[in-house]
Structure formats: C-alpha cells, structure tokens
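Trainee: Mind looking at a prediction? Sequence and model below.
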Amino acid sequence: MVRVLLMARVSGLAVAALVLVWTFGFRTSFLPHPSSSNSSSPPPPTLRLDHLYSALHPVLMVIGFILLGGEAILAYRSLPGWSRSTRKSVHLSMQGAALGFGIFGIWAKFKASKGILANFYSLHSWMGLLCLFLFASQWASGFLWLWHRPEGRQTRSTTVPWHSFVGLYTYGLAVVTAETGLLEKLTFIQTRRGLSRRSMESSLVNVIGLALAVLAAFVVFAVVSPKHRHHLPSNVKEHDQKINVANKQTQ
C-alpha cells in the first residue's frame, strides 16, 4: 500500500508539471485569437490577462480540484497514525480547498470569455457543472452529517457507504471531465489554428491525458484495496473496532 500511495503522489506531481509546462510554455494556444508571436514587442496587457485567465482554468481544475481532491480521498490511507477525528478534519479541509479551487477555476473561464452562457455549449462544460454540483453536495453532506454531528452514529453508519461511493464517483467524473476538456482544446487548436497532430504540443496534451488516467487508477486502487488495514497501527485498529461495536449496539 505504501508503494501505491507513493506512485499516486509521483503521478500527481507529473500531471502538475505537465499541465504547467503546457499552459505557460505554449502561450498562444490559450489566447482568444491567434497572436502575432513573431513580433519582438511585448504583448499588450489585455493579451497577457487573456492568457492568464485562460491558463488558470486548466491549472486550477486539474491541480487544485482533481489533484487536491485526490489527496483528500487518500488522507484516510496516508495518515494511519493519526486519530479518526483528525483524519476527518484533514479530509474535510482539503476537500473544501479543492472545491474553492474548482469554483475559482470556472470563474476564470467565464472571465476569459464572453460570459457564462458562451461557455456552456459542449459535453465538457455540462459534465463540469455536474461534477462541481456533486462535489459541493458531497462536502456539505459530509460537514453536516459526518463531521458537525458526531453523536449520530446510526446516521453515520447509513450515510458513510453512500458518501464514499458518491465521492469516488465524483472523483472519477472529474478525471473524465478533464479528459474531455483536453480533447476539446486539442481539437480546437488543431482545426482552427492549424496545429499539427504530430507536434510537440499535441503529444504533450496526449501525455497529460494518459498521466491523469494513471493517477486515477492509483487513487481508486488505494481506496478500494482492503490491504491497507494490515499496515495500520494497533491503536488505530482498536479504535475503529470500538466504533464498529458501538454502532452495532445503537442499532
């Protein structure tokens, strides 16, 4: 399990590095109109702002939303020596930060275009809105029923399986949404701006998509694998066993 967590972190760092290289290394692909990059004069301030807002969308949605959200999911696996309440607080805090990055990332996309309705025309935009709605609902339900009311043991025993399922489904949906966004962006710059299908940027975008798929595989495997309990300290196992016994007695 330690190796799986390590590979998930390595994959996450690789995805973050690739996204940063793409968004800030291939600047003209994130401008609303083709720019005269051959000119030696610096770009005007409005053009720099357009690039910044357009680049912030994939950076915040991939690094801030997907990567940080994945780390929040792995908090229960990567912090075995911490108490259950502390792990819950870390999980909730990281998920809240990921939600904030996601909202800011969508705002950046709106800022870089002609308004809200101009962006909701594709499958990627519809899936993104659904994903953000599910993520916000997950965070609110987790705060109200699993963290804010610790005395409701019977409610938690009923809610936790559904909370885990919807959370993992939302994470997978976020990865798929990012993949559709990469495909949409790559198709746009290839068809409208004449980017070669065998260019360095095209290959880089494809590698980002593959790296996201590998990252999702490690995160999901770390969550569903039962082997992690064999590596937990005895005090954590005893604490979890006491909670299970108390839940059965209240039913």
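Mentor: Sure, I can see it.

Trainee: what residue ranges in the stretch 1-150 of the chain are flagged as low confidence?
Mentor: 32-47, 112-119, 145-150 (pLDDT under 70).

Trainee: Kindly recompute the last result at 90.
Mentor: Applying pLDDT under 90 to the stretch 1-150 of the chain picks out residues 1-5, 27-55, 75-92, 106-122, 125, 138-150.

Trainee: Return the set of buried residues in stretch 167-177.
Mentor: Buried residues in stretch 167-177, defined by neighbour count with 16 or more other CB atoms under 10 Å: 167, 170-171, 173-177. In this view, the C-beta of every residue, glycine as well, is placed from N, C-alpha and C.

Trainee: So what's the model's average confidence on it?
Mentor: Mean pLDDT, computed over stretch 167-177, is 95.

Trainee: Grab the CA positions of that stretch and hand them over as CSV.
Mentor: Presented in CSV, the C-alpha positions along stretch 167-177 are these (Å, rounded to 0.1, in the frame of the first residue of the first chain):
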residue,chain,number,x,y,z
GLY,A,167,-17.2,10.8,-3.5
LEU,A,168,-15.3,8.2,-5.5
TYR,A,169,-17.8,8.5,-8.4
THR,A,170,-17.4,12.3,-8.4
TYR,A,171,-13.6,12.0,-8.5
GLY,A,172,-13.8,9.7,-11.5
LEU,A,173,-16.2,12.0,-13.2
ALA,A,174,-13.8,14.9,-12.6
VAL,A,175,-11.0,13.0,-14.3
VAL,A,176,-13.2,12.1,-17.2
THR,A,177,-14.3,15.7,-17.5
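
Trainee: starting at the chain centroid, how far to that stretch?
Mentor: Remark: stretch 167-177 is offset 8 Å from the chain centroid, using CA atoms, centre = their mean, to the nearest Å.
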